[in-house]
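> Provided below are the primary sequence and the corresponding predicted coordinates.
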Amino acid sequence: MRISDYPFTEDAASQVRAAGYSLESLLGKTFFKTVRGRAAERVAGAISGTISEREANTQAELLAELLSYPLARVMVSCLGDSILLRRYALAEAKLAYKRMQNEKEGLTMLADDLGLHAQGPGPYKIHFAEYIRAAHGMRSPKWKLTNRDLFQGYLTITEEELKRIMEEAAREKVLKGLPLPVDEKICSALEEYLKPLKEQLEIIRARDKVDLGKVEEGAFPPCIKKMLSEVAKGTNLAHSARFALVSFLLQINMTVEEIVSLFNTSPDFDEERTRYQVEHIAGASGTRYKPPACATMATYGNCPGEDELCRRIRHPLSYYERRARTFKPLPPEKEQKQGT
């Protein structure tokens, strides 16, 4: 196992500390220009979705790969975008997962570093507590502990399943501690690299922005507002909440494309899969699904609390219909004055 391939590990951190390079030297010395470039490349890859894999064979190349990781964390922190933090952690984890495919003896060493003491060689046995800690955020039913054979506190997983939960554990490890408390002087010293990253972020934000058009967003019930707020922050909604949100937005005549665009901020966004799910709810399979009633929303924990109107209706659509009739947005000229 090459330490530089997994720069988030404890061994990698120890090696960086032992090298004794200061942050000032990484920022200023010509010798470390390759490190700065690779760090910016890591962040740019996170913004677009995939960190490219570089060939690293010489000592200089291996050192650049190793040192670029902590510097990339500094750059991400300087950019100060909460969604980017999650995208960065996911992109680093995906890169690690790709490299895991070629691991042989080093796989269990990496698993140990991530807190997964898998007993092999595969299929592996893993303690249920470690499994839950790594797989708790994975939504597919196959990862639920109730769907696993458990014996004396251990369950069995395949090598591919081990790699997948290692990817998830790596994502959480990368995200831990971000954003770093970075001095403004350090961010200024990195401006040459941060400026194009900021421009790339702006392009992504402009592309992902959705114009709700005639939809009266101000008339949304509290549950839908809360879900939209969570999606905007890049939070992965529970399946029941995602279904409720999508079915509601479809019912008030938002298009499939508009709804798919809303989920672009999710850290695990998969456009093809999201479009399939939205189209399925919209009726591609022959059944157009309706949003759940308030009682069902409450049962699944998707009701953030009632307001006055909520107490008089039984369905989020009824809330919207009543509010939309009385909701009066500002005329264009007043809206312009308020903006100034």
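That came through, no problem.

> residue boundaries of the strands in the protein?
124-127, 150-151, 154-157 (DSSP state E).

> and of those, who's closest to residue 186?
strand 124-127 (40.1 Å; Cβ to Cβ). All C-beta atoms are positioned from the backbone trio N, CA, C, and that covers glycine.

> give me the mean pLDDT for that closest one.
Average pLDDT, strand 124-127: 95.

> what do you get for stretch 162-181?
Per-residue scores along stretch 162-181 average to 94.

> just stretch 265-275 next, same as before
80.

> ok, now stretch 100-110?
On average, stretch 100-110 scores 90.

> worst-scoring helix or strand of this protein, pLDDT-wise?
For the chain, using mean pLDDT, DSSP states H and E, the weakest element among its helices and strands is helix 332-339, scoring a mean of 41.

> please identify the deepest-packed of the strands of the chain.
Ranked by mean neighbour count, these are led by strand 124-127 with a mean of 20 (mean count of other Cβ atoms under 10 Å).

> list the contacts of that strand.
116, 117, 118, 119, 153, 154, 155, 156, 157, 158, 159, 162 (Cβ atoms under 8 Å, 6 or more residues apart in numbering).

> got the strands of the chain as a markdown table, with distance to residue 185 columns?
Converted to a markdown table, the strands of the chain look like this (distance: least, Cβ to Cβ, whole Å):
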| stretch | distance to residue 185 |
| --- | --- |
| strand 124-127 | 45 |
| strand 150-151 | 53 |
| strand 154-157 | 47 |
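
> pLDDT weak spots in the stretch 151-300 of the chain?
Counting by pLDDT under 70, the low-confidence segments of the stretch 151-300 of the chain come to 205-214, 284-286.

> tell me how far residue 251 lies from residue 35.
52 Å (Cβ to Cβ, to the nearest Å).

> got the contact list for the residue sitting nearest the centre point of the chain?
Taking Cα atoms, centre = their mean as the criterion, residue 267 is the residue nearest the geometric centre of the chain, at 2.1 Å. For residue 267, the contacting residues are 83, 86, 87, 89, 90, 234, 236, by Cβ under 8 Å, 6+ apart.

> having no further points to raise, I will conclude here.
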